[in-house]
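Participant: Any chance you can model this:
(2 chains)
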2 protein chains.
Amino acid sequence: MKTLVVYSGGIDSTVLLYDVVASGDRAAAISFNYGQRHVRELDAARAICADLGVEHRIVSLTELSQLLTGSSLTDPSIEVPDGHYTDSTMKATVVPNRNMIMLSIAIGWGLSSGAERVAYAAHGGDHAIYPDCRPEFVYAMQKAAALCDWNEIELSAPFVGITKADIVRRGMELSVPFEKTWSCYKGGEQHCGRCGTCTERREAFELAGVEDPTTYQEPVLDKT
Amino acid sequence: MKTLVVYSGGIDSTVLLYDVVASGDRAAAISFNYGQRHVRELDAARAICADLGVEHRIVSLTELSQLLTGSSLTDPSIEVPDGHYTDSTMKATVVPNRNMIMLSIAIGWGLSSGAERVAYAAHGGDHAIYPDCRPEFVYAMQKAAALCDWNEIELSAPFVGITKADIVRRGMELSVPFEKTWSCYKGGEQHCGRCGTCTERREAFELAGVEDPTTYQEPVLDKT
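Facilitator: As a prediction, this is how the structure comes out:
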């Protein structure tokens, strides 16, 4: 079985990639440059795939950032909000239809390259902010994936019912090099420690009872 | 109501675009350069949008032709088959997951630009060859489109139950300038008259009882 992982270089998709490799499936990874502020996540993705010896393709969709406007992740004039990942202010980080676009290209490559499965790492904590991580979206896309070609391809989102803390625990079991992963939406030299995804990252390690190897610019959450 | 039409410059999507304009909806069009051999269809799309005064974006996805291999439309080493559009040899013209990719980007732009609907021109005659024109694929994508964002966007495929001849008749009613549209997959100076899509084009005019304004290189079908 060959499984293609939609791979950002963050914790969730890195654990997924390690999981696929550990299962004995043949793994390959696909990442996207969609003009995201934190494009350095792709360096993390590249390095981890090289470590694992996994085939990795980075698809450039930077032109799309002109079409998919209104998100702080792709529009430099909109600030990345600080705060908790589930705050409604985090909706400023939604890139319109990002997941369907990435999944559709991954499915196309999967069909071309003989993969039987495409997997992505949407998880339970994403649902509050990201509509395209909800289970009902996943189900609809699974149906579409099964019908888009004469060869059936499976879409899998194995983390959709678990939390990021569960994912961190699973990563521990798999000896995932968390220090090599990248989360921060601000894309600076270090993780900022304050944006929604940094807050979520810190919290996940804490809830999982796993030591967080990340160096944050702001070591303590700003409570003001 | 603003409707975004996925627009190739061929007969079907041109009639759809005219239909949307005639309905009084605000229309915009989106076309894709995915490395297709018949990229000249985009010149047709551009000219027709200019005539109509409709906003038109062309998205370059040429890099994807390296991922979406195995189709005669994007791989110069695979010949475009001659014959009838519904012959199984025409499956060589399937680009893996092309429609999901184009629809997902159109939906993303639609959400960003305040469109309430994305429309595409899959029709009844496409089903035999193109899996991503089947009604069941359309239904799954409609569901996914409704769930991919906090704002609902409608996906519409109004021709999915009618034939290309029906579309030509509708085009006549709308005074569509058929002579400006482009179908031929070979993408030469003139329509070849022999490839699957040229054969289908000729047949549709004949069945509709509408004069075909197209100049074909091969005026008579080769019966050998």
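
Participant: Grab the longest strand from chain A for me.
Facilitator: Longest strand of chain A, by residue count under DSSP state E: strand A:26-33.

Participant: same for that strand, what does it pack against?
Facilitator: Under the contact criterion of 3 or more Cβ pairs under 8 Å, 6 or more residues apart in numbering or on different chains; DSSP states H and E, strand A:26-33 touches strand A:2-6, helix A:11-23, helix A:41-52, strand A:55-60, helix A:98-113. From N, CA and C alone the C-beta is placed, and that goes for glycine too.

Participant: closest one to chain B among the ones you listed?
Facilitator: Nearest of the helices and strands packed on strand A:26-33 to chain B, taken as Cβ to the nearest Cβ: helix A:98-113 at 3.6 Å.

Participant: returning to what we had before: which one, of the helices and strands packed on strand A:26-33, ends up nearest to A:Gly193?
Facilitator: In terms of Cβ to Cβ, the element of the helices and strands packed on strand A:26-33 nearest to A:Gly193 is helix A:11-23, at 15.0 Å.

Participant: what does stretch A:187-195 contact?
Facilitator: A:36-41, A:80-83, A:182-186, A:198-199, A:201-202, A:214-219, A:221-222 (Cβ atoms under 8 Å, 6 or more residues apart in numbering or on different chains).

Participant: show me the contacts for the nearest residue in space to A:Asn97 that is not next to it in sequence.
Facilitator: The shortest distance from A:Asn97 to any non-neighbouring residue, by Cβ to Cβ, 6 or more residues apart in numbering or on different chains, is to B:Gly108 (3.6 Å). Counting by Cβ under 8 Å, 6+ apart, B:Gly108 touches A:Leu64, A:Leu67, A:Leu68, A:Val95, A:Pro96, A:Asn97, A:Arg98, A:Met100, A:Ile101.

Participant: Give me the phi and psi for the fourth one.
Facilitator: Right, the one you point to is A:Val95. phi -100, psi 120 (degrees, to the nearest 10).

Participant: wait, doesn't it sit right on A:Ser72?
Facilitator: No. Between A:Val95 and A:Ser72 there is no contact under Cβ atoms under 8 Å: 9.3 Å.

Participant: who has more neighbours, the two?
Facilitator: Neighbour count, other Cβ atoms under 10 Å in any protein chain shown: between A:Val95 and A:Ser72, A:Val95 has more, with 26 against 22.

Participant: Contact partners for that one?
Facilitator: A:Tyr34, A:Gln36, A:Leu68, A:Ser71, A:Leu73, A:Thr74, B:Gly108.

Participant: quick one: which of the contacts of stretch A:187-195 sit in helices?
Facilitator: In this view, these that belong to helices under DSSP state H are A:Glu41, A:Cys198, A:Thr199, A:Arg201, A:Arg202.

Participant: ok, the third one - how many residues close by?
Facilitator: To tie it back to what came earlier, the one meant is A:Thr199. 21.

Participant: Next one: it from A:Thr86, what distance?
Facilitator: Remark: distance between A:Thr199 and A:Thr86 (Cβ to Cβ, to the nearest Å) = 9 Å.

Participant: before we move on, the earlier item: the contacts of A:Val95: which two are farthest apart?
Facilitator: So, these by Cβ to Cβ: farthest apart are A:Gln36 and B:Gly108, at 14.1 Å.

Participant: quick one, phi/psi of A:Glu152?
Facilitator: phi -80, psi 140.

Participant: now the one 3 residues further on
Facilitator: Backbone torsions for A:Leu155, taken as degrees, to the nearest 10, come to phi -110, psi 130.

Participant: before we move on, the earlier item: show the buried residues in the contacts of B:Gly108.
Facilitator: Among the contacts of B:Gly108, those buried by neighbour count (16 or more other Cβ atoms under 10 Å in any protein chain shown) are A:Leu64, A:Leu67, A:Leu68, A:Val95, A:Pro96, A:Asn97, A:Arg98, A:Met100, A:Ile101.
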